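Student: just coords:
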């Protein structure tokens, strides 16, 4: 585990808890000291951790911020070029590009656990963080299926279910359901606060719900939104187009029916997706169409919940 | 109580619970029958309820949707023109204009309890709905202070604290902290659902928080947002301006620091307002500057928590 913040720290705990031999390194002396005091195999020597990974043919998990990734990838390429590599960063295409450029010898399957809180650092983590969460594991045309399966097994062992997607499909989806929400929350929080003390005094559920994630550490929000620029721009344009049309309609006819109806239907779509009864699926990882089958499952909102030998077991509504 | 939906039904319960003689009428036969079966004095004869109010010099509370208000006001003017009147509608300037036009003889102080759920109808209500909630009671230049105090006493008796504001100040603030959140939630829910099953499968906290109120009944959201058009348009323009600037910045320099920082500071402003230690204030309602003092208190985020004789007792941070 390289990086022992909220996600890396939680994963070191969770992997240890399920019986894996796991060790971690972080540039933060405070996080390393606390993790070691908590009884985990953790330190600040990244190179030593990577050399040990190389010696034991371990899976390396990069849990550092996007801004620190390139530097760490150079160390990986130098000290552990034979290791299987994954990451837990919230954007996937930029990470894939960096890995191809800086650590081309490593087998790689990117990942993103859809879990987190507004907090950060080792102390914020816990072994149960991934329980019930979706964990995207990326499957490009050239991703080694065995590498993908090994990364996915780790995600499943720590309690998550796996959503197989390409990096591009992941980035497009999270632009909609994670990055746009953060940016709209920021705008709402700014417009609300401009209303002064009276607006704050009257703020109730719709405002506190809508602004909750605006309290996230700004550098984390910047890293994920700015890092996903390419996928985010068209999504932002979609939102701006809808808001502009709504503004025009309110100013001219005074009507907001179309906007509000579309939003209501969107809310129903989420509700339906969460209440749907899934059917079981099995994907034979040794079959020639396995890659396409897995990605199609992810695109349809399905998930892998177990991998037994060559068989991935999952469900889709 | 005219109207026995979520708010009117909760207020009939709450007023009865604190020992007031209270009765209600609603156009909904189902709500009237359920309320009566629950042991409340409720029926469908609005005229009879208003005549009884006139005979007993009762306070009339209009708890009907904005779209039904004018029709009810005509009945009030005909059958109970001497009664003190208030309402619980979520926009205040349009209601004030309707009252001035259709029931000019009635003394009137408008109100808005900042309480509610996504549910509606008698069955959704409960006597504790207003506990701890802000309840705006409106104080225009020509509002009778005794009328304002009587309406405010009802709000305080059922567990709310009172925020004295003009209708205009109320409408401006709720445009920011209630109507804009509903519209942004609608846009987010529509853009998210456009991402298909994979977006719904990956949706986590930021998305579910940000879209929660999009599940509100569309006609309720339309009534409040369309009814507050005048105050809402400049607030929407503020939000659109910020989003447009953000989009431009992401496309050109790739930076979102300004947007995210402003949102973070907005979130801190709400947090500070909620954690501030208030100081006690007293307003002598018989003093010539009472009206200005009350409105200034509301504008500063303060509240009235008790009225004893001519003294309004409150607090402000």
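Tutor: All right, it came through fine. These numbers come from a predicted model, not from an experiment. Numbers count the residues shown, from 1 in each chain, chains lettered A, B, ... in the order given.

Student: list phi and psi for the residue in the stretch 1-150 of chain A positioned nearest to chain B.
Tutor: Closest to chain B within the stretch 1-150 of chain A is residue A:114: 4.8 Å, counting by CB to the nearest CB. The C-beta positions use only the backbone N, C-alpha and C, and glycine is treated the same way. Backbone torsions of residue A:114, given as degrees, to the nearest 10, read phi -90, psi 60.

Student: what's near enough to touch it?
Tutor: For residue A:114, the contact set (CB atoms under 8 Å, 6 or more residues apart in numbering or on different chains) comprises A:133, A:134, A:135, A:136, A:178, B:202, B:204.

Student: make sure residue A:48 is actually in contact with residue A:25.
Tutor: Yes - the pair residue A:48 and residue A:25 passes the contact test of CB atoms under 8 Å, sitting 7.2 Å apart.

Student: of the contacts of residue A:114, buried ones?
Tutor: Neighbour-count burial (16 or more other CB atoms under 10 Å in any protein chain shown) is assigned, among the contacts of residue A:114, to A:133, A:134, A:135, A:136, A:178, B:202, B:204.

Student: need the three-state assignment for residue A:16.
Tutor: Under DSSP: H, G, I helix; E, B strand; the rest coil, residue A:16 falls in the helix class.

Student: what's the pLDDT at it?
Tutor: The model reports residue A:16 with a pLDDT of 97.

Student: re the thing from before, which one of the buried ones among the contacts of residue A:114 sits closest to residue B:240?
Tutor: When the buried ones among the contacts of residue A:114 are compared for distance to residue B:240 (CB to CB), residue A:178 comes out closest, at 22.1 Å.

Student: ok, now which ones touch the spatially most central residue of chain A?
Tutor: Nearest to the mean C-alpha position of chain A, by CA atoms, centre = their mean, lies residue A:112 at 3.1 Å. Neighbouring residues of residue A:112 by CB under 8 Å, 6+ apart: A:88, A:89, A:90, A:92, A:135, A:136, A:170, A:174.

Student: a markdown table please, covering those and showing secondary structure and pLDDT.
Tutor: Below are the contacts of residue A:112 laid out as a markdown table (DSSP: H, G, I helix; E, B strand; the rest coil; pLDDT from 0 to 100):
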| residue | secondary structure | pLDDT |
| --- | --- | --- |
| A:88 | coil | 96 |
| A:89 | coil | 92 |
| A:90 | coil | 91 |
| A:92 | coil | 96 |
| A:135 | strand | 97 |
| A:136 | strand | 98 |
| A:170 | helix | 98 |
| A:174 | helix | 97 |
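
Student: considering only those residues, which also neighbour chain B?
Tutor: Contacts with chain B within these, counted by CB under 8 Å from any CB of the partner chain: A:136, A:170, A:174.

Student: quick check: the last one touching residue A:90?
Tutor: Yes - the criterion here is CB under 8 Å, and residue A:174 meets it with residue A:90 at 6.5 Å.

Student: for stretch A:256-264, give me every contacting residue.
Tutor: Contacts with stretch A:256-264, where a contact means CB under 8 Å, 6+ apart, come from A:242, A:245-246, A:249-250, B:182-183, B:185-190, B:211, B:214-218, B:221-222, B:225-226.

Student: in that stretch, what counts as buried?
Tutor: Neighbour count says stretch A:256-264 has A:256, A:259, A:260, A:262, A:263, A:264 buried, by 16+ other CB under 10 Å.

Student: leaving out the residues flanking it, which one is nearest to the residue in the stretch 201-317 of chain A positioned nearest to chain B?
Tutor: The stretch 201-317 of chain A approaches chain B most closely through residue A:263 (2.4 Å), counting by CB to the nearest CB. Spatially, and ignoring its direct neighbours in sequence, residue A:263 is nearest to residue B:186 (2.4 Å; CB to CB, 6 or more residues apart in numbering or on different chains).

Student: helix, strand, or coil at that neighbour?
Tutor: Per three-state DSSP, residue B:186 ends up helix.

Student: measure it to residue B:200 for me?
Tutor: Residue B:186 sits 16 Å away from residue B:200, going by CB to CB, to the nearest Å.

Student: from the neighbour counts alone, determine which of the two ranks first.
Tutor: When neighbours are counted by other CB atoms under 10 Å in any protein chain shown, residue B:186 and residue B:200 differ, and residue B:186 comes out ahead with 31 against 24.

Student: tell me the contacts of the more buried one?
Tutor: A:259, A:260, A:262, A:263, A:264, A:266, B:214, B:221.

Student: how far away is the third one from residue B:229?
Tutor: Separation of residue A:262 from residue B:229 (CB to CB): 19 Å.

Student: would you mind naming the helix or strand containing residue A:263?
Tutor: Assigned by DSSP states H and E, residue A:263 falls within helix A:257-275.

Student: helices or strands up against whatever helix or strand comes next after that helix?
Tutor: As assigned by DSSP H and E, the chain's next helix or strand after helix A:257-275 is strand A:279-284. Secondary-structure packing of strand A:279-284 (3 or more CB pairs under 8 Å, 6 or more residues apart in numbering or on different chains; DSSP states H and E): helix A:290-299, strand A:311-316.

Student: how about TSV for the ones you listed, with mean pLDDT and mean neighbour count added?
Tutor: What follows is those, written out as TSV (pLDDT from 0 to 100; neighbours: other CB atoms under 10 Å in any protein chain shown):
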stretch	mean pLDDT	mean neighbour count
helix A:290-299	96	20
strand A:311-316	96	18
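
Student: got JSON lines for those, with distance to chain B too?
Tutor: Formatted as JSON lines, the helices and strands packed on strand A:279-284 follow (distance: least, CB to the nearest CB, whole Å):
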{"stretch": "helix A:290-299", "distance to chain B": "5"}
{"stretch": "strand A:311-316", "distance to chain B": "8"}
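
Student: against residue A:110, how distant is the closest residue to chain B within the stretch 51-200 of chain A?
Tutor: Relative to chain B, the nearest point of the stretch 51-200 of chain A is residue A:186 (2.4 Å; CB to the nearest CB). Going from residue A:186 to residue A:110 by CB to CB gives 27 Å.

Student: where do the strands sit along chain A?
Tutor: Ranges of strands within chain A are A:24-25, A:42-43, A:60-62, A:84-87, A:107-108, A:111-113, A:134-138, A:161-165, A:279-284, A:303-308, A:311-316, based on DSSP state E.

Student: ok, which of those comes nearest residue A:14?
Tutor: Residue A:14 lies closest to strand A:111-113 among the strands of chain A, at 10.0 Å (CB to CB).

Student: that closest one pairs with which strands?
Tutor: Using DSSP bridges, the strands paired with strand A:111-113 in its sheet are strand A:134-138 (antiparallel).

Student: what's the distance between the partner strand and the middle of its chain?
Tutor: Put simply, strand A:134-138 sits 7 Å off its chain's centre (CA atoms, centre = their mean, to the nearest Å).

Student: and the angle for that strand with helix A:290-299?
Tutor: Here the directions of strand A:134-138 and helix A:290-299 differ by 150 degrees (axes from the mean of the first three to the mean of the last three CA atoms, to 10 degrees).

Student: contacts for strand A:134-138 next, please.
Tutor: Applying CB under 8 Å, 6+ apart, the external contacts of strand A:134-138 come out as A:86, A:92, A:96, A:109-115, A:148, A:151-152, A:155, A:160-167, A:170, A:298, A:303, B:201-202, B:204.

Student: same check on stretch A:18-29?
Tutor: For stretch A:18-29, the external contacting residues (CB under 8 Å, 6+ apart) are A:1-5, A:8-9, A:12, A:15-16, A:32, A:35, A:40-46, A:48-50, A:52, A:56, A:58, A:64, A:68, A:121-122, A:154, A:157-158.

Student: just the residues you listed that are near chain B?
Tutor: Counting by CB under 8 Å from any CB, no member of the contacts of stretch A:18-29 reaches chain B.

Student: which PyMOL command selects the buried ones in those?
Tutor: Here is the PyMOL command that selects the buried residues among those (16+ other CB under 10 Å):
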select buried, chain A and resi 1+2+3+4+5+8+9+12+15+16+32+35+40+41+42+43+44+46+49+50+52+58+64+121+122+154+157+158
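
Student: from the contacts of stretch A:18-29, which land in helices?
Tutor: A:8-9, A:12, A:15-16, A:32, A:35, A:46, A:48-50, A:52, A:56, A:68, A:154, A:157 (DSSP state H).
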